[in-house]
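# One predicted model, sequence on top.
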Amino acid sequence: MGFLFEDDNFALFRDGFLQTIELSALSALLALLLGTLLAAFRVSPVPILRGFGTAWVTVFRNTPLTILFFAAVFGLPRLGASLSYLTLATLALGGYTASFVCEVIRSGINTVPLGQAEAARSLGMGFGQTLLHIVLPQAGRTVLAPMSSVFIALPRNSAIAGAFSVSELYSAQQAFSEKGYSIFAIFFWVACAYLLISFTIASLFRFLESRLAVAR
């Protein structure tokens, strides 16, 4: 297992690890912003917005992630989009994860008593103001646990990007395999890297849950 501590090998592993973190962080940010917007669409009184939100969730949740990567990496450039492989991978992974974030947030919105929204409307607040200032802050607190599961899975899903010219942990694993190193040793270090990322995300959400816990 000591192969990793050779200079060239360590640099390759380090770069793949950092690229995985970057791709996961960018995708998580996109998924959180887009997922929240889609959740707002799904509970919107405007039929077109509700239809768009429902269609997005239905299509993206039921389409294999590999197909979405193919569509982003090979389809968007054909439409004239000149983007890096990292950006294309972020769009595919972020758009896919956003559909799950949307449903988690929507489930949190449904836990907020309807009377609070009605009280806000009686005070003259519009749908957007009610959602932003009354509903989402409460919904966000109640969905931290299921949201953590979504974001813990995200780095593992990012492994697909290695097959599309993004130099992350999966591509590093392929490079080590081609050099003839032990498969067991390679997967041991890769698994440790993913475990570290997952543990960090889980710890972050546990901290948020403790700080933002809803009093019962």
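That came through, no problem. Numbers count the residues shown, from 1 in each chain.
# could you give the mean pLDDT of the longest helix along the chain?
As far as residue count goes, and with DSSP state H defining each element, the longest helix of the chain is helix 7-42. Mean pLDDT, helix 7-42: 90.
# gap between the very next helix or strand once past that helix and the chain center?
Using DSSP states H and E, the next helix or strand after helix 7-42 towards the C-terminus is helix 47-61. Mean-position distance between helix 47-61 and its chain equals 18 Å (C-alpha atoms, centre = their mean, to the nearest Å).
# swap in stretch 168-179?
Average the C-alpha atoms of stretch 168-179, do the same for its chain, and the two points are 23 Å apart (C-alpha atoms, centre = their mean).
# Can you list the helices and strands that the longest helix of the chain packs against?
If contacts are counted by 3 or more C-beta pairs under 8 Å, 6 or more residues apart in numbering; DSSP states H and E, helix 7-42 sits against helix 47-61, helix 85-109, helix 144-157, helix 169-178, helix 183-212. No exception for glycine: its C-beta is placed from N, CA and C like everyone else's.
# Now do the second one against helix 144-157: the angle between them, please.
When you say that, I think you mean helix 85-109. Note on geometry: by axes from the mean of the first three to the mean of the last three C-alpha atoms, to 10 degrees, helix 85-109 and helix 144-157 are set 160 degrees apart in direction.
# What is helix 85-109 packed up against?
Secondary-structure packing of helix 85-109 (3+ C-beta pairs under 8 Å, 6+ apart): helix 7-42, helix 47-61, helix 65-70, helix 76-78, helix 136-142, helix 144-157.
# buried stuff in that helix?
By neighbour count, and taking 16 or more other C-beta atoms under 10 Å as the criterion, the buried residues in helix 85-109 are 86-106, 108-109.
# Same check on the longest one?
Using 16+ other C-beta under 10 Å as the burial criterion, the residues of helix 183-212 that qualify are 186, 189, 190, 193, 194, 197, 198, 201, 205.
# distance of the first one from residue 175?
Think residue 186. When C-beta to C-beta, to the nearest Å is the yardstick, residue 186 and residue 175 sit 9 Å from each other.
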